[in-house]
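Chemist: fold the following for me, if possible:
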Amino acid sequence: MHCENLDYQQVIHFVKTVFSLSSQPIGIGNRRRESAPMRMIHSDLCGPVEPATLSGERYVLTFVDDYSRFCEVRLVKKKSDIAVEFKKFLKINDSVKRIRCDNAKEYVSGELQKVARNAGVEIDPCPPYTPQLNGVAERMNRTLFGKVRAILYDSKLPKSCWGYAIQTSAFLHNRIPCTSINDCTPYELKYSTKPDLSKIRIFGCDAYVKVADTQRRELDPKSKKMIFIGYSSMGYRVMDPVTRRVTVSKKTFVLLKRK
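Modeler: Sure, this is the predicted structure:
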């Protein structure tokens with residue numbers, strides 16, 4: 001059965017069931033929330049994570065929108081790389097005015113402060129020893145890693161695939177109704193439209209990628225069996241089960257269920 005045959009509520013139920021081993025919903029507490037998306041961002045750096053990802057990253061940098069709870073994650077190899085990722089994030093999201101974070105050295109460093117200053121953004125670190133004040137981002141990390149553990153266990157893929165698993169977890173979090181935002185999805189609040197759920201597939205299921213005519217002989221198969229490990233704006237992310245090389249392909253047929 002394919003997701004194209006399911007209605008919106010069925011797909012939501014399917015996604016929630018697959019990712020049922022998550023943490024508590026991301027609450028908003030008593031603090032006043034922003035009234036529009038992408039003005040204030042909560043951020044946290046989690047790691048080092050063992051083992052490293054297939055590409056060698058050991059840390060995950062999280063950005064959570066205060067208004068919509070829309071979440072974006074960036075994988076980095078070392079703490080000093082976060083200034084580069086912040087610069088990329090702020091270039092795309094130029095409406096951001098303030099970033100709430102903890103008092104860790106990588107956030108209050110001169111390099112990151114310079115990036116923020118050039119973008120007209122205020123870095124708002126919590127006082128030392130008060131991690132609860134950065135609770136939105138920290139709870140998001142716990143939620144995402146809870147989902148990572150669930151889907152790695154379910155898919156039986158190696159732990160080194162956690163980087164793709166957490167990117168998938170964030171992708172799905174943004175498309176699942178959340179009680180703290182009146183059962184809307186973060187995607188809806190950010191983009192003012194419902195997300196397209198027709199392409200959702202189960203992490204780790206079989207994926208068949210079309211082989212170009214120029215890359216095969218007459219009697220060779222027209223497709224190659226791969227493993228689905230996530231989403232990209234350009235198509236599906238698939239992994240070669242032998243070489244573990246990851247590519248993005250539009251010409252992919254992905255099964256909904258593993259055999």
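Chemist: domains in this protein, as residue ranges please.
Modeler: 40-191, 205-254 (the TED database).
Chemist: and these, which one averages the lowest pLDDT?
Modeler: Comparing mean pLDDT across the domains of the chain, the lowest value falls on domain 205-254: a mean of 85.
Chemist: end to end on it, go ahead and measure it.
Modeler: Start to finish, the residues bounding domain 205-254 are 7 Å apart (CA to CA, to the nearest Å).
Chemist: again, but for stretch 183-199
Modeler: Start-to-end, stretch 183-199 (CA to CA) is 22 Å.
Chemist: make a markdown table from the domains of the chain and add mean neighbour count and distance to residue 34 to it.
Modeler: Bear in mind the C-beta positions are built from the backbone N, C-alpha and C, glycine included. As requested, these are exported to a markdown table (neighbours: other CB atoms under 10 Å; distance: least, CB to CB, whole Å):
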| stretch | mean neighbour count | distance to residue 34 |
| --- | --- | --- |
| domain 40-191 | 18 | 4 |
| domain 205-254 | 15 | 26 |
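Chemist: mind putting those in CSV, distance to residue 197 included?
Modeler: Formatted as CSV, those follow (distance: least, CB to CB, whole Å):
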stretch, distance to residue 197
domain 40-191, 6
domain 205-254, 11
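Chemist: got a list of what the closest residue to residue 211 other than its chain neighbours touches?
Modeler: In space, not counting the residues next to it along the chain, residue 211 is nearest to residue 224; the distance is 5.6 Å by CB to CB, 6 or more residues apart in numbering. If you count contacts by CB atoms under 8 Å, 6 or more residues apart in numbering, residue 224 has them with 208-209, 211, 240.
Chemist: between those residues, which is nearest residue 37?
Modeler: Ranking the contacts of residue 224 by separation from residue 37, with CB to CB as the measure, puts residue 209 on top at 35.3 Å.
Chemist: thank you kindly, that will do.
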